[in-house]
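Engineer: everything below, folded, please.
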Amino acid sequence: MGSMNLHTYRVQVEWTGNDGEGTLNYKSYRRDHTIAAVGKPPIPTSSDPSFRGDPTRYNPEELLVASLSSCHMLWYLHLCAVNHVTVQSFRDFAEGTMEEAQDGSGKFIRVVLKPSVTIAAGSDPAKAAELHHAAHGYCFIAKSVNFPVEVVPEIVLAA
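Structural biologist: Numbering: from 1, shown residues only. Next comes the predicted model:
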């Protein structure tokens, strides 16, 4: 059996929404926080506006959907590069659905990735479409979640 490579990821999450009263009550604080990693700019985050969050900041649910999309894209570009499919542009319109329970808890029930990919003339559109399936099989994040992640790709052949 081959040895497993372990990778560790460290981030710092810091709450910035204490307006002086802390969590005295449900309405006494903002949900604002930052996500940071050494040597990188902080990401302004909050909760979803449905949960008293700031609509101008990213929320954890958006970041989860973005992580799935980003991971898929990076594997897809890699697989295209090594399989002689020249991608000229890639844009994903990803959407996640979370179901909120009566008690206020919730869970994602599905994420749909809708990547639109333009490939160079001379690249094989069938191969380009097929590589989405392969990329999905490699995506670290998709393999780590307990809900379906669907991929509905559009391949555009450059003129």
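Engineer: how about the helices of the chain, start to end?
Structural biologist: Per DSSP state H, the chain carries helices over the ranges 60-82, 125-138.
Engineer: CSV please, covering these and showing mean neighbour count.
Structural biologist: For every residue, glycine as well, the C-beta is placed using N, CA and C. Output for the helices of the chain, formatted as CSV (neighbours: other C-beta atoms under 10 Å):
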stretch, mean neighbour count
helix 60-82, 18
helix 125-138, 16
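Engineer: got JSON lines for those helices, with distance to residue 51 too?
Structural biologist: Putting the helices of the chain into JSON lines (distance: least, C-beta to C-beta, whole Å) gives the following:
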{"stretch": "helix 60-82", "distance to residue 51": "10"}
{"stretch": "helix 125-138", "distance to residue 51": "30"}
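Engineer: who wins for proximity to residue 154 among those?
Structural biologist: Among the helices of the chain, helix 125-138 comes nearest to residue 154, with 9.1 Å by C-beta to C-beta.
Engineer: kindly export that closest one (C-alpha atoms) in CSV.
Structural biologist: Coordinates of the C-alpha atoms in helix 125-138 are reproduced here as CSV (Å, rounded to 0.1, in the frame of the first residue of the first chain):
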residue,chain,number,x,y,z
PRO,A,125,-15.5,18.9,-27.5
ALA,A,126,-16.4,15.3,-26.5
LYS,A,127,-13.1,14.9,-24.6
ALA,A,128,-13.6,18.4,-23.1
ALA,A,129,-17.1,17.3,-21.8
GLU,A,130,-15.8,13.9,-20.6
LEU,A,131,-13.0,15.5,-18.6
HIS,A,132,-15.6,17.2,-16.3
HIS,A,133,-16.6,13.8,-15.1
ALA,A,134,-12.9,12.9,-14.4
ALA,A,135,-12.3,16.2,-12.7
HIS,A,136,-15.3,15.6,-10.4
GLY,A,137,-13.8,12.3,-9.4
TYR,A,138,-10.5,13.9,-8.3
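Engineer: who's in contact with that helix?
Structural biologist: With C-beta atoms under 8 Å, 6 or more residues apart in numbering as the test, helix 125-138 has contacts from 72, 75-76, 78-80, 83, 85, 87, 115, 117, 119, 142, 149, 151, 153, 155, 157.
Engineer: again, only this time at 10 Å
Structural biologist: 68, 71-80, 82-87, 113, 115, 117-119, 124, 142-143, 149-157 (C-beta atoms under 10 Å, 6 or more residues apart in numbering).
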